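Asker: sequence plus predicted model, see below.
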There are 2 protein chains.
Amino acid sequence: MPIRYRLLALSAALVFAPGRSPDPVLRGYDAASSRVEREWEAKLQAIPSPDSLREYMRRLSARPHHLGSPYDRDNAEWILARFRSWGLPAEIESFEVLFPTPRERIVELVGPTRFRATLQEPALAVDPTSGQQREQLPTFNAYSVDGDVTAPLVYVNYGIPADYDSLEALGISVKGAIVIARYGGSWRGIKPKVAGEHGAVGCIIYSDPNDDGYHAGEVYPAGPYRNETGVQRGSVMDMPLHPGDPLTPGVGAVTGAHRLARADATTITKIPVLPISYGDAQPLLAAIRGQPAPRSWQGGLPITYHIGPGPARVHLKVKSDWNMVKLYDVIVRIPGSTAPDEWVIRGNHHDAWVNGAEDPISGQVALMEEARALGDLLRQGWKPRRTIIYAAWDGEEEGLLGSTEWVEAHADELRTKAVAYFNTDSNGRGYLGMGGSHSLERFINEVAHDITDPETGLSAWKRAQARQIQVSSKKERDEARNRGDLRIGALGSGSDFTPFLQHIGIASLNLGYGGEDGGGIYHSVYDDFRWFTMFSDTAFVYGRALAQTVGTGVIRLADAPLLPFEFRNQAETFAGYLDELKTLLKEQQETVRERNQQIEDGVSAAVEDPRRPRSRPDTVEVPPFLNFAPLENAIARLTRSAGRLEELHKRLGDSLSTGIDFARVNGLLIRTERALTDSAGLPNRPWFQHLVYAPGFYTGYGVKTMPGVREAIEERHWDEAQVQIGRVATRLQELAAILDDAGKLLQPRKD
Amino acid sequence: MPIRYRLLALSAALVFAPGRSPDPVLRGYDAASSRVEREWEAKLQAIPSPDSLREYMRRLSARPHHLGSPYDRDNAEWILARFRSWGLPAEIESFEVLFPTPRERIVELVGPTRFRATLQEPALAVDPTSGQQREQLPTFNAYSVDGDVTAPLVYVNYGIPADYDSLEALGISVKGAIVIARYGGSWRGIKPKVAGEHGAVGCIIYSDPNDDGYHAGEVYPAGPYRNETGVQRGSVMDMPLHPGDPLTPGVGAVTGAHRLARADATTITKIPVLPISYGDAQPLLAAIRGQPAPRSWQGGLPITYHIGPGPARVHLKVKSDWNMVKLYDVIVRIPGSTAPDEWVIRGNHHDAWVNGAEDPISGQVALMEEARALGDLLRQGWKPRRTIIYAAWDGEEEGLLGSTEWVEAHADELRTKAVAYFNTDSNGRGYLGMGGSHSLERFINEVAHDITDPETGLSAWKRAQARQIQVSSKKERDEARNRGDLRIGALGSGSDFTPFLQHIGIASLNLGYGGEDGGGIYHSVYDDFRWFTMFSDTAFVYGRALAQTVGTGVIRLADAPLLPFEFRNQAETFAGYLDELKTLLKEQQETVRERNQQIEDGVSAAVEDPRRPRSRPDTVEVPPFLNFAPLENAIARLTRSAGRLEELHKRLGDSLSTGIDFARVNGLLIRTERALTDSAGLPNRPWFQHLVYAPGFYTGYGVKTMPGVREAIEERHWDEAQVQIGRVATRLQELAAILDDAGKLLQPRKD
């Protein structure tokens, strides 16, 4: 499921720092333990091999391996066997989940002309796996409700809330209509959700050639981009409510677990939805009339896009087999030697929509090479201080099923023991993209300094910094040069970190290389071994770099005497979020004030074109001022506490043998990310318990930071916004208190 | 030739003022003369009639009427007869000019596949005049040199200098190639000029469907936008050097005038060039390979646009008959009763590329209704104080031939006598667009207050203000609300004001309504009566509004006892230009510094993609600081002088009978715009003598203000920039001195 996320992360998350030259003493280590650790890391980094990565990918992507398919289970067992062959204790952990697969799919234009969408991705002679049609899932959107509707068609651009605002201004309603939206602008599940909220009875999503087709580049098989038959499959469950099995929210979907009736599941769509190719979309879009769509809504097909409604009428039918299927998470557990109850977890999913060479196998094979390296290190006598868990998740594509059910099943233990979660999903070629919890920002920056970029020989950090300097505006460029640490992006959703970070509150990182290549095979049959080895990381050198990056991160965190969390960057980042919230409110006030004034002064009426009547807008209440003081005070305190803790940390110097109870300090540090959660969760979505990071209710993958406050402001719920300010402030005060406690333990004893 | 200009003017020029409620006493009048004038204006405004406008358009656009065609001359004689029938003294003034028309045109793909462009605009059954093929000019670009070349094809986006910078960064040369550029981004003549400078041997220009075709809206004949066969004809002479007949720069092309040999004419292109439709362009573009073009270069055709060069090879041939033809300017001259040697001039061209209902007839018919109204007023006893000249220009499309030759022929007299020039070209539906000399900004704002917008019943000023408030950013919005006067845009080129304003230095205005409708028939056979009456100002009410606006402006200026120029707005505007120049230099310094730093720090090398090698950039000299003090001092003085003059003007109060010598004051005021010219002209283009307003050397229509300074900075000629600062400063000092002299004459006498 990751590409969209990964690209977002690259554009938003790669903000950086000057030239902190790699400290020979690792953070959380002293000089002696640092030397030892660096030796193990050097050994680890020498192990991953491009040839192994290529052969794993060839095997894992050889046949379609979606959730519930024979090859999915076969892959899980093969991965398990590999783990065991490397001397690692491994098991398969299984869950039973609801997974609809379509029995009937119809998209047809029934008037004024007739056309029936093919809903097929044809085999290509040059691409051997593209013809495995017997095993391929059809093109569909998982967790679409069953439905059979015929209605006028309305083109809604990306189908996000702002597009419906435009439609309202134009006086166009989608009530009773089927909408056709292009992919992009949000996570796909938002489109049927918002369409349904506006009264639409069906939703078609297509891939526009402007976005990942011929206007992005050469199309497959000549080039890497989407051809006219390529379709983006994908889940449309309402994941911003909760991911995981729709029938078992909050609990592991084990045999015998309490399950909701399907009718009571809240994350299945309210209207039927199907994805189509741009080849299938063109006749539908060309048959729409009414107003020409605004300039920015025109896509890449050689037609004038109109909005409708109609006269095009479309028949949309989806009927699925609502099966319960088994998923297979493959779990490695390497017990810690000193702190077995402190867990460092690392995962990537193994299931795909079809063959999935890029998504997810390019990440999965890196994880396997890390695991092989750990097996090697163990044989050479390495003893990780903490417990390390490696996981190959199943059922990610459908809605993070494998990771979510595992996290829910082990929630109590994770709350006590989990130190951090490292996630990858897909991998490409180019610059290191880093997203995650800001308490790990310093840590992952330090790791990136120690990894070599295969194309330039520079450190991965240095190259990411250069990229940031190249592409960003002055302020960000100055930061990239001078801040010390490159900024990491906050995590929204779209991959398996979500249950760890946002349900339990486990500090998480999401990593991957990319930015030098694009493609348009996401979630299609053409995401396969041929595509990846022709167009992406063809030499698997970035696969090796990813294994080196994450492997180093995992063992450095697992071995550190003192956990290397850092909170000044975190406090500064949170202060930035507060500024954003204040700016958001201010801009909303100004926008509404200006809009009201234009209505009252007659400006809106004066500019009207009598040939294009629009609905006359009404004035609305200007947003009130909110009391941000609780958050301001909390952030001020957090900043002080973080600064004090860092001072004490520095005073420890190069030797950690000062009689300090590091176990107790680490016990406190593990709780710091948990402090940001609240068991009551976010408004209307209690599963999401992290009060600082969440996927947006109306963006899906895109992050909303301090989401309770931010979304309340965006949706004009002023009382709610005030309540949420208080809740976030309380969590930040709690975090500051933990830092103060940790600081007391770090004070040099007088005796 | 106007549409591009007009649209630019609408987006850039409509910046405005609060609610200066129309003063009952007109500027330059006293209470009594104001009352009389307002009565004449009311009578004038009652005269123009939509039915007349429609019938004139039907007649004038009935057949193709380009320069040199039988119907062009026929139209001129018909217009002359109309003027005379309204009692106006009118004559035809004729010039003889070089006008090539093509005998042979070939654009063909000769490899790797073959395709021959049709170079035709087919007749449409629903459109009666589209089939007048015997009389239509073929699709071509006037003043392309003859040529016959076969070469690899390179796609150069819009073909403007910035695009060649991108090509250079990609390591792609057009040397020896034929380039294909899309229309837009600059005036069309820039494209072959820049291509030639970079070594190309031929140039093809096509209309991309993203710009004025199907992605802009419904295509003709169902809608107003360009269909796949529509071609934009147009001149490609190097007008930024000089407009007018290429053989007689600076002098009127009368019989017996000294003429250059054609080989010595500098404004004929250096390489052959032809325009094509997007239907003809698609096979050519689809045959180009090499690197896919950058995302922003992808147009609206359903292909991946590549840059090349080749493998597509194209054969381009243009061979013209280089004929001398006669042009027919129709000139009305109404002698002034009091000040016959002060001329108010108003013009619109009558020639078209084909039938030209919109361009230029929609403007020409308004001019005719104004003339009819003046005839009526004269019969009712109105006696204009000053001489009024109305002109229907010929040969505008080829390069402002009719206006330029007339201005050059009468240059001496114009320098002494011309008060102002009012220009229109095409007219549409919507908001009043005003561009011109800033000494007339206050004046034309006051006129706009007195015109009724036909769709809303508001004043044209009020509606333009509302539009400005609606579309602009905060700063401009605040200005539109509070400044008093809406800002008018500076004039570049693209219509007949150029010789008046930029060669002689006559204060000019360019006016038109638009912004509510778009279209894509510009310079094609489909710009005809059917198109205009189906899609544009179908009821001719904006045609009437334009006649009322310009007619009112003309008589108000012709009758004013004291010329209503205003110089505080002008000084403030010029101060803004100075700020822009300083910002331009500062931004260039920062850009170069940053670029150099990225090269020196290795950032540029670090981000390179080994699969896409680019030429390694070199560091360049950081722009030096320039001495802006001469300009700063001149503008400070001009601001003081303008303020003082305005104070004195106000002190005159409601009665002008104070024994002041208004004739002498007016004589000085007439010289104010001339003061901004310098007979040595701009660097490398002495014909352009205005040192504040000029079309850009590399934009063509787009204005460059203080062009000598601005273009020297843009082109990194630092010594030149310093010299030009001094020249502009000298002109502004001279202007201030004239204002001071006028001020002395306005001092109340002691006796």
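Answerer: Okay, I see it. Numbering: from 1, shown residues only, chains lettered A, B, ... in the order given.
Asker: got the CA positions of stretch A:154-169 in PDB?
Answerer: Below are the C-alpha coordinates for stretch A:154-169, written out as PDB (Å, rounded to 0.1, in the frame of the first residue of the first chain):
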ATOM      1  CA  VAL A 154     -20.900  13.400 -12.300                       C
ATOM      2  CA  TYR A 155     -17.200  14.200 -12.600                       C
ATOM      3  CA  VAL A 156     -15.900  15.300  -9.200                       C
ATOM      4  CA  ASN A 157     -12.200  15.900  -9.900                       C
ATOM      5  CA  TYR A 158     -10.300  14.200  -7.100                       C
ATOM      6  CA  GLY A 159     -13.400  13.900  -5.100                       C
ATOM      7  CA  ILE A 160     -12.000  15.500  -2.000                       C
ATOM      8  CA  PRO A 161     -14.000  17.900   0.300                       C
ATOM      9  CA  ALA A 162     -12.600  21.000  -1.500                       C
ATOM     10  CA  ASP A 163     -14.000  19.700  -4.800                       C
ATOM     11  CA  TYR A 164     -17.400  19.400  -3.300                       C
ATOM     12  CA  ASP A 165     -17.100  23.000  -2.100                       C
ATOM     13  CA  SER A 166     -16.500  24.000  -5.700                       C
ATOM     14  CA  LEU A 167     -19.500  21.900  -6.900                       C
ATOM     15  CA  GLU A 168     -21.700  23.600  -4.300                       C
ATOM     16  CA  ALA A 169     -20.600  27.000  -5.600                       C
END
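Asker: so A:A742 is in which element?
Answerer: Per DSSP states H and E, A:A742 falls inside helix A:718-746.
Asker: please identify the buried residues of that helix?
Answerer: Within helix A:718-746, the residues that count as buried by 16 or more other CB atoms under 10 Å in any protein chain shown are A:718, A:720-722, A:724-725, A:727-729, A:731-736, A:738-739, A:741-743, A:745-746. (C-beta placed from N, C-alpha, C; glycine too.)
Asker: same check on stretch A:336-345?
Answerer: So stretch A:336-345, judged by 16+ other CB under 10 Å, has buried residues A:G336, A:A339, A:E342, A:W343, A:V344, A:I345.
Asker: check stretch A:474-487 too.
Answerer: By neighbour count with 16+ other CB under 10 Å, stretch A:474-487 contains the buried residues A:E476, A:R477, A:E479, A:A480, A:R481, A:R483, A:D485, A:L486, A:R487.
Asker: repeat that for stretch A:106-117.
Answerer: Residues of stretch A:106-117 classed as buried by neighbour count (16+ other CB under 10 Å): A:V107, A:E108, A:L109, A:F115, A:A117.
Asker: do the same with stretch A:643-651
Answerer: A:R644, A:L645, A:E646, A:L648, A:H649.
Asker: in strands only, show me the residues you listed.
Answerer: Judged by DSSP state E, strands contain none of the buried residues of stretch A:643-651.
Asker: which one of those residues is nearest to B:L241?
Answerer: Relative to B:L241, the closest of these is A:E646; by CB to CB it sits at 66.4 Å.
Asker: with adjacent residues omitted, what lies nearest to the closest one?
Answerer: Of all residues not flanking A:E646 in the chain, A:R568 sits nearest, at 5.5 Å (CB to CB, 6 or more residues apart in numbering or on different chains).
Asker: and the one you found, what does it touch?
Answerer: Contact analysis of A:R568 by CB atoms under 8 Å, 6 or more residues apart in numbering or on different chains lists A:T639, A:A642, A:G643, A:E646.
Asker: nearest spatial neighbour of the third one, skipping sequence neighbours?
Answerer: Translated: A:G643. Computed as CB to CB, 6+ apart, the closest residue to A:G643 that is not its neighbour in sequence is A:R568, at 5.9 Å.
Asker: kindly provide the distance from the one you found to chain B.
Answerer: Distance from A:R568 to chain B, counting by CB to the nearest CB, to the nearest Å: 26 Å.
Asker: before we move on, the earlier item: mind putting the buried residues of stretch A:643-651 in TSV, pLDDT included?
Answerer: Compiled in TSV, the buried residues of stretch A:643-651 are given as follows (pLDDT from 0 to 100):
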residue	pLDDT
A:R644	97
A:L645	97
A:E646	96
A:L648	93
A:H649	91
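Asker: ok, which pair from the residues you listed is furthest apart?
Answerer: Among the buried residues of stretch A:643-651, A:R644 and A:H649 lie farthest apart (CB to CB), at 9.6 Å.
Asker: could you list the low-confidence segments of the stretch 601-750 of chain A?
Answerer: For the stretch 601-750 of chain A, the stretches with pLDDT under 70 are A:657, A:749-750.
Asker: tell me which residue of it lies closest to chain B.
Answerer: Chain B sits closest to A:A606 of the stretch 601-750 of chain A, with a gap of 3.6 Å, by CB to the nearest CB.
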